[in-house]
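J.: below: sequence and its predicted model.
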Amino acid sequence: MSLESSRDMRLIFLAAASLLLAACATQPRPGSTKPVRPGTAKPLPAPVTVPNAEWQIIGVSPNGNILHEVDVLSIRREGALTVFRDRKTIFNPRKENFLNTPQHKYSLNQWEVNCTAKTFRLRSMALLDDGGRQLLSRSFSEAEIKPMPVVKQSAAFQQVEFVCQRSR
């Protein structure tokens, strides 16, 4: 395998890991404004601060280890596409399989969604440690990551429904 194809494979695995994390969230419990880790009464860790952001909780992964949020201030139309930013907070990174990405506490991702076709695509991602220091930053062209169909009841489905309703 050449160095170029090895790099391409790492990029594919990196994108797949991000999409896998995005595909496994559930709805938060009604009335739950301050989610807690399962089995504890401790509040969530302080989230990474992003200027000009207003985070809306979309859900928590089925194992309770990943909090999914959408920045409502980032939702905007670009022709037929809707673009938005999300943040994933991983409570216990040791419980997750990161494939070929560095172990991280937070991921900030920019997505594009076609609300009519019900497809989504990762445009960029930044991985941060528990101190908010950037471990990795990567943008993806449409040739590297193509739009994919949204799977019902996934985190991506919940995000698409949320941002498409907001962008009308």
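T.: Thanks, I have the structure now.
J.: every contact and neighbour count from this point should use C-alpha atoms.
T.: Will do.
J.: name the surrounding residues that touch the lengthiest strand in the chain.
T.: Within the chain, and with DSSP state E defining each element, the longest strand by residue count is strand 66-78. Strand 66-78 is contacted from outside by 22, 25, 52-61, 82-91, 155, 159, 163, 166-167, using CA atoms under 8 Å, 6 or more residues apart in numbering.
J.: with just CA atoms, put that strand into CSV.
T.: Only the C-alpha atoms of strand 66-78 are listed here, as CSV (Å, rounded to 0.1, in the frame of the first residue of the first chain):
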residue,chain,number,x,y,z
ILE,A,66,-21.9,11.1,24.3
LEU,A,67,-23.9,14.3,24.5
HIS,A,68,-25.0,15.7,21.0
GLU,A,69,-25.7,19.4,20.6
VAL,A,70,-26.4,21.8,17.7
ASP,A,71,-25.4,25.4,17.6
VAL,A,72,-28.7,27.2,16.6
LEU,A,73,-26.8,30.3,15.7
SER,A,74,-24.8,28.4,13.1
ILE,A,75,-27.8,27.2,11.1
ARG,A,76,-27.9,28.9,7.7
ARG,A,77,-29.1,28.2,4.1
GLU,A,78,-26.6,27.9,1.2
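J.: rewinding a little: got a ChimeraX select line for the buried ones in the contacts of strand 66-78?
T.: Those of the contacts of strand 66-78 that count as buried under 16 or more other CA atoms under 10 Å are selected in ChimeraX with:
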select :22,25,55,57,58,59,60,61,82,83,84,85,86,87,88,89,90,91,155,159,163
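J.: quick one: low-confidence residue ranges for this structure.
T.: 1-47 (pLDDT under 70).
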